[in-house]
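1. Pasting a predicted model and its sequence here:
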Amino acid sequence: EAKLSASRAMPYEEGQALAERWDQWFEEYKGDPTKGYPETLKGTGVVLDGGFFHYYYLQGTLVSECYSGIALSLFLAAVVLFLATQNIIIALVATATITFIVASTI
């Protein structure tokens, strides 16, 4: 039996690295009969992680999608502002203002 001391509150980058190390360790463990892994279970295994491992990957996806969505929104705001004002300088200044407001909340 092997146990982890990780928590759901750890940063997702560390959680993803932990999941990869865990998979690597398990692959080595189940392939070595001298470590006590039953021959009848060779090539199989169960990990009861309380949903932690997939949560780390979910967090990573959510963060990257968040930044992509913000970038797309700022671009579309610039386009709409330009079309509404017909003035590129006003559109760029307004988009910069929106960008600073969003950046100050992240």
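-> Sure thing, it's come through.

2. Which helix or strand contains the nearest residue to residue 51 once chain neighbours are set aside?
-> Here the nearest residue to residue 51 in space, its sequence neighbours aside, is residue 8; by C-beta to C-beta, 6 or more residues apart in numbering that works out to 8.0 Å. Where you see a C-beta, it was placed from the backbone N, CA and C, and this is true even at glycine. Counting by DSSP states H and E, no helix or strand carries residue 8.

3. isn't residue 8 right up against residue 53?
-> No. The pair residue 8 / residue 53 is not scored as a contact, 10.3 Å apart, by C-beta atoms under 8 Å.

4. neighbour count winner among these two?
-> residue 53 (19 against 13; other C-beta atoms under 10 Å).

5. I'd like to know how far residue 56 sits from residue 80.
-> 37 Å (C-beta to C-beta, to the nearest Å).

6. When those two are compared, which one has more neighbours?
-> Shown here are residue 56 and residue 80; by other C-beta under 10 Å, residue 56 has more neighbours (23 against 13).

7. wait, what's in contact with that one?
-> 12, 15-16, 18-19 (C-beta atoms under 8 Å, 6 or more residues apart in numbering).

8. so is residue 5 in a helix, a strand, or just coil?
-> Here residue 5 is recorded as coil under DSSP: H, G, I helix; E, B strand; the rest coil.

9. ok, it - how many residues close by?
-> Neighbours around residue 5, by other C-beta under 10 Å: 4.

10. can you check residue 26 too?
-> 14.
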